[in-house]
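A.B. asks: quick one, what's the 3D model for this:
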Amino acid sequence: MRYLRNLFVSLDQLLNALFGGDADLTISARIGFFACRCKQHPNSYGRCQRWYWIFHEKIADWAWKPTDGPGHCYWAYWWDQDENYDCKNWGIFLVLMSIVIIIVSVIVGVLLRLFGL
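C.D. replies: Next up, the predicted model:
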């Protein structure tokens, strides 16, 4: 089981790097960081950017709730809070990342609930 977890985390970090993030971060940690910042400093981020991060936080948290409990993205960020969060949040990266987040979260969320994991 640990082997599979390590593979998934590595793939997650690779995807985050492809979408302009640090290669040592997962997408969940990146979402958690920016969602927390948007909630703490709402005037520092545009409305669309606040919506983007908080929306994706809800999707990822829903998907991983059966295994990680509530707050998956927050805890992913908390465990990696000393990492580099200077991400390239450019339009094309965010669009591609959004597509991956939605597709993977729906698949993972449904599978985890079907198999009761």
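A.B. asks: name the residues that touch the host helix or strand of Gly109?
C.D. replies: Secondary structure from DSSP states H and E places Gly109 in helix 91-115. With contact meaning Cβ atoms under 8 Å, 6 or more residues apart in numbering, helix 91-115 is reached by 15, 19-20, 27, 31, 52, 56, 59-60, 62-67, 117. Where you see a C-beta, it was placed from the backbone N, CA and C, and this is true even at glycine.
A.B. asks: can you tell me which of those is closest to His41?
C.D. replies: Closest approach between the contacts of helix 91-115 and His41, by Cβ to Cβ: Tyr52, at 15.1 Å.
A.B. asks: what about the nearest residue to that closest one once chain neighbours are set aside, how many residues close to it?
C.D. replies: Using Cβ to Cβ, 6 or more residues apart in numbering and skipping residues adjacent in sequence, the residue nearest Tyr52 is Leu94, 6.5 Å away. Applying other Cβ atoms under 10 Å, we find 20 residues neighbouring Leu94.
A.B. asks: tell me how far Leu94 lies from Ile101.
C.D. replies: Here the criterion is Cβ to Cβ, to the nearest Å. By it, Leu94 lies 10 Å from Ile101.
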